[in-house]
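S.K.: Just to be clear, the model below is a prediction. Sequence and coordinates:
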Amino acid sequence: MTEDKVAVMIPRELYQKIEEKIAGTSFTSVEEYVMLKLENEFPDETEYTEEEEQIIRERLRRLGYIE
Amino acid sequence: MKKAEAAEEASELPKVEVSRELRLDLENIASGLYSPLTGPMTQNDYQTVLAKGRLSDDLPWTIPILLDVAYETAKGFKEGDTVTLVCEEEPFATVTVEEKYGWDKETHCKAVYKTTDPAHPGVEKTNGMNDLLVGGPIMVFNESPGKYPRYRLKPRETRFLFKEKGWRTVAGFQTRNAPHIGHEYVQKTALSFVDGLFINPLIGKKKAGDFTDEVILESYEALIQNYFLRNSATLVTLEMEMRYAGPKEAIHHAIVRKNYGCSHFIVGRDHAGVGDYYGPFEAQEIFEDYPDLGVMPIFFRNFFHCRKCGGPQNEKICPHGEEDHENYKGRVMRQLLREGKRPAETQMRPEVTDAILRHSKPFVE
């Protein structure tokens, strides 16, 4: 395990269910599947520079999407 | 290279003419809407998309994005060259030619459309394409304003919009129709467990009998203004050609909505279907093969009006029999509207009907 990872315990039964679910798919491990689900739950926020934020906010305001 | 430099350089390069539809696809690549694509597909990606519905690095992708070129034109450049792409006499992008390769249209049609019937619009289009394909990264230096600039946002803008609205979860809704009450209840049911609804009508080449783009936009504006909570739904166009590839296209539509920033994607009955080439729920079943899609599909069966319940219901919540049910029949409503008549208010909101009937020709001819 690399230093920037931590272990999380899940019930073995759940682990086995995930193993069954990903059989034959492109997932190579239960960890990969769980990671994807969690990443969907906590997606990386798209990053914007201040200048870009200002341009987008102005455009959205002009088009009536935000006030 | 900066866009201005690319534009200047482009004037000296060999040129390839592309259709309006392909230009939209290439602009969608450039805007990030077709992420992770960086250009029309090279052979390796194309072959794995056909065989497995995935790119060569195994990421989900089901609809080939292809730059087809005539043999005569392709003689003017070789692999490694940069070529200018031109649409309706306007240079708009360059492609660095990584590969030129041939393709088998029959195999293509079977894999993408599940048919080789020339009556299928996707097959018909494929049969009319050039025999050589070019793959490689593109740079768009001259983006078209779009048919409706007021409604056209890029993924970075929609993601920002969702953040500004405080929407953590967003359901994307694909449409090529003016909304009837069945659509509205699908949307509202989804909205009851996500923060926001992203109504994303597809603008582009359609088949005869479809609602025109103007009608779709105006009818949705009427629906949102009159029947949705303020700040719960937003309307953004997607300029992209319909392929009518049923299940394969449903996955493509989901990927595009994920790129817009949606957490969920609504998949209805016969999504992206045409005629009877696909089973009514095939476009839902295919999601079983894509647990790694990164966007959660929300499946809906049909809503109907139940006379006993007195409103829209579906088979999971209505205890009454078929004799009490009136289906929302798009075809019947379209026929009434074509004759200038109004569908019943239990079928279509009066404001939506008004928005449609304001147009003398609400359908594509």
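M.R.: Arrived safely.

S.K.: any idea how far the residue of chain B positioned farthest from its centre is from B:Arg342?
M.R.: Centroid-distance maximum for chain B: B:Lys308 at 36.6 Å, with CA atoms, centre = their mean. When distance is defined by CB to CB, to the nearest Å, B:Lys308 is 24 Å away from B:Arg342. Just so you know, the C-beta spots here come from the backbone N, C-alpha and C atoms, and that holds for glycine as well.

S.K.: got the contact list for residue 27?
M.R.: No chain specified, so I'll use chain A. Counting by CB atoms under 8 Å, 6 or more residues apart in numbering or on different chains, A:Phe27 makes contact with A:Tyr33, A:Leu36, B:Pro291, B:Asp292.

S.K.: Correction: the question concerned chain B.
M.R.: B:Phe92, B:Val140, B:Glu143, B:Ser144, B:Glu239.

S.K.: Just say helix, strand or coil for it.
M.R.: Three-state call for B:Glu27 (DSSP: H, G, I helix; E, B strand; the rest coil): helix.

S.K.: ok, it to B:Glu21 distance?
M.R.: Taken as CB to CB, the span from B:Glu27 to B:Glu21 is 11 Å.

S.K.: try B:Pro60
M.R.: Taking CB to CB, one finds B:Pro60 at 22 Å from B:Glu21.

S.K.: And these two? Which one has more around it.
M.R.: B:Pro60 (22 against 17; other CB atoms under 10 Å in any protein chain shown).

S.K.: Please name the bridge partners of that one.
M.R.: Beta-bridge pairing of B:Pro60 under DSSP bridges involves B:Arg54.

S.K.: That one against B:Val295, yeah?
M.R.: No - assessed by CB atoms under 8 Å, B:Pro60 is found out of contact with B:Val295, at 9.8 Å.

S.K.: Could you give me the buried positions within the lowest-mean-pLDDT helix or strand in chain B?
M.R.: One helix or strand of chain B scores below all others by mean pLDDT, DSSP states H and E: helix B:3-10, with a mean of 77. Neighbour counts over helix B:3-10 (16 or more other CB atoms under 10 Å in any protein chain shown) mark B:Ala6, B:Ala7, B:Ala10 as buried.

S.K.: Setting the sequence-adjacent residues aside, check what's closest to the last one.
M.R.: Once its chain neighbours are removed from consideration, B:Ala10 has its nearest residue in B:Thr84; the separation is 4.2 Å (CB to CB, 6 or more residues apart in numbering or on different chains).

S.K.: Doesn't the one you found lie inside a strand?
M.R.: Yes - B:Thr84 forms part of a strand when assessed by three-state DSSP.

S.K.: Provide a list of residues in contact with residue 25.
M.R.: You didn't say which chain, so I picked chain A. Contacts of A:Thr25 by CB under 8 Å, 6+ apart are B:Asp289, B:Pro291, B:Asp292.

S.K.: think we crossed wires, I meant chain B
M.R.: Contacts of B:Asp25 by CB under 8 Å, 6+ apart are B:Tyr34, B:Ile65, B:Met240, B:Glu241.
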